[in-house]
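S.K.: return a 3D structure for these sequence lines:
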Amino acid sequence: MNDNIFDKVEKKTNVRKEDIIALAKSVSGQDLNDEKNLRKLIKDVAKLAGKEVSKEKEESIIRAVKKDKVPKDFKNML
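M.R.: Take a look at the predicted model:
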């Protein structure tokens, strides 16, 4: 991934590139259709960002992922 993207993410979230890479490695190869894995990922991302995710928001994220309504182009999210 381009370092410029990491710089933008870090500016917006205060999450370091190294932490993002470590998180990506931790979920690499995991089945994110498995709700248990997906819930863990949501919690890990929230912790990394220093944010709380309500149960309602967690359910909303899970529904969006399961319905394949997550943007495919990461650059457009920045």
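S.K.: how about low-confidence regions in the protein?
M.R.: Judged by pLDDT under 70, the chain has its weakly predicted residues at 1-2, 70-78.
S.K.: middle-most residue in it, spatially?
M.R.: Central residue check for the chain by C-alpha atoms, centre = their mean: the C-alpha nearest the mean position is that of V45, 5.3 Å away.
S.K.: okay but that one is in contact with L23, surely?
M.R.: Yes: checked against C-beta atoms under 8 Å, the pair V45 and L23 is within contact range at 6.9 Å. In short, each C-beta sits where N, CA and C put it, glycine included.
S.K.: show me what the host helix or strand of R63 is packed against.
M.R.: R63 is part of helix 55-66, with elements assigned from DSSP states H and E. Packing partners of helix 55-66 (3 or more C-beta pairs under 8 Å, 6 or more residues apart in numbering; DSSP states H and E): helix 35-49.
S.K.: which parts of the helix it packs on are buried?
M.R.: Residues L38, L41, I42, V45, L48 are the ones in helix 35-49 that count as buried (16 or more other C-beta atoms under 10 Å).
S.K.: same for that helix, what does it pack against?
M.R.: Using 3+ C-beta pairs under 8 Å, 6+ apart, helix 35-49 is in contact with helix 17-27, helix 55-66.
S.K.: so what touches the shortest one?
M.R.: Around helix 17-27, the neighbours that count as contacts under C-beta atoms under 8 Å, 6 or more residues apart in numbering are D3, F6, V9, E10, N37, L41, D44, V45, L48.
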